[in-house]
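Asker: from the sequence below, what's the structure:
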Amino acid sequence: MKTLTLMRHAKSSWKDAGLNDLDRPLIQKGLSRTRLIIDHLKDKDFNPEYIITSNAVRAMETARIMAHAFGIAEEFVRVEKLMYTADADNFYDHCFDLPEKVTHTLIVGHNPAITNFINFFLKQKIDYLPTSGIVRIDFSTDKWEDIPISGGKVSLMVYPKMLK
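Answerer: Below you'll find the model as predicted:
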């Protein structure tokens with residue numbers, strides 16, 4: 001089985017209107033909400049081995065927090081520039097060259113692409129995945145290249161407001 005978890009980056013700052021969108025940092029509220037998610041996941045057999053993240057500062061910061069929380073070494077965190085502008089189909093593309101020994105990958109990215117991708121697997125569609133939200137999808141295959149045809153099933157969906 002291969003598992004793909006999608007996470008929308010933590011809440012970020014809009015304080016500096018002149019700041020490039022790629023450079024927006026996380027805010028304290030985003031950090032707190034991500035900690036809430038991490039604490040919840042520690043009780044849910046959540047064990048990603050690899051992280052793919054957008055190159056936006058807010059996504060990279062979120063990925064670093066998740067890597068630290070789940071003991072993922074820096075060499076297993078891959079920054080993908082194209083993840084910033086990805087569409088739903090691109091999520092598969094980023095998985096095709098993952099090492100086969102990796103069974104669980106976390107992708108940290110942005111809406112609307114994350115929401116569009118996870119809606120392929122949800123019976124009841126959602127309008128958007130909130131910041132720090134997580135959706136885990138399990139695929140009945142042992143090869144990353146086969147995940148698009150292996151019928152993924154959502155096994156976990158959680159976001160901060162669900163935990164308060």
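Asker: now for the helix or strand of the chain with the lowest mean pLDDT, which elements pack on it?
Answerer: Counting by mean pLDDT, DSSP states H and E, the weakest-scoring helix or strand in the chain turns out to be helix 88-93, with a mean of 84. Packing contacts for helix 88-93, counted by 3 or more Cβ pairs under 8 Å, 6 or more residues apart in numbering; DSSP states H and E, involve helix 113-119. Where you see a C-beta, it was placed from the backbone N, CA and C, and this is true even at glycine.
Asker: elements contacting the helix it packs on?
Answerer: Applying 3+ Cβ pairs under 8 Å, 6+ apart, one finds that helix 113-119 makes contact with strand 2-8, helix 88-93, strand 134-139.
Asker: can you put the ones you listed in CSV and add distance to Glu74?
Answerer: Shown next, in CSV, are the helices and strands packed on helix 113-119 (distance: least, Cβ to Cβ, whole Å):
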stretch, distance to Glu74
strand 2-8, 18
helix 88-93, 22
strand 134-139, 21
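Asker: if I pick Glu80, what's in contact with it?
Answerer: Listed by Cβ atoms under 8 Å, 6 or more residues apart in numbering, the contact set of Glu80 reads Ile52, Thr53, Ser54, Asn55, His94.
Asker: okay, and the beta partners of the third one?
Answerer: In this structure, Ser54 bridges to Glu80 when assessed by DSSP bridges.
Asker: share the number of residues neighbouring it, please.
Answerer: Residues lying near Ser54 (other Cβ atoms under 10 Å) number 25.
Asker: before we move on, what about the first one?
Answerer: Ile52 sits with 22 neighbouring residues when counted by other Cβ under 10 Å.
Asker: pretty sure it contacts Val102?
Answerer: No. Taking contacts as Cβ atoms under 8 Å, Ile52 lies outside contact range of Val102: 10.6 Å.
Asker: so which strand or helix has the residue in the chain sticking out farthest from the centre?
Answerer: If you look at how far each residue of the chain sits from its centre, by Cα atoms, centre = their mean, the farthest one is Gly18, at 27.1 Å. Assigned by DSSP states H and E, Gly18 belongs to no helix or strand.
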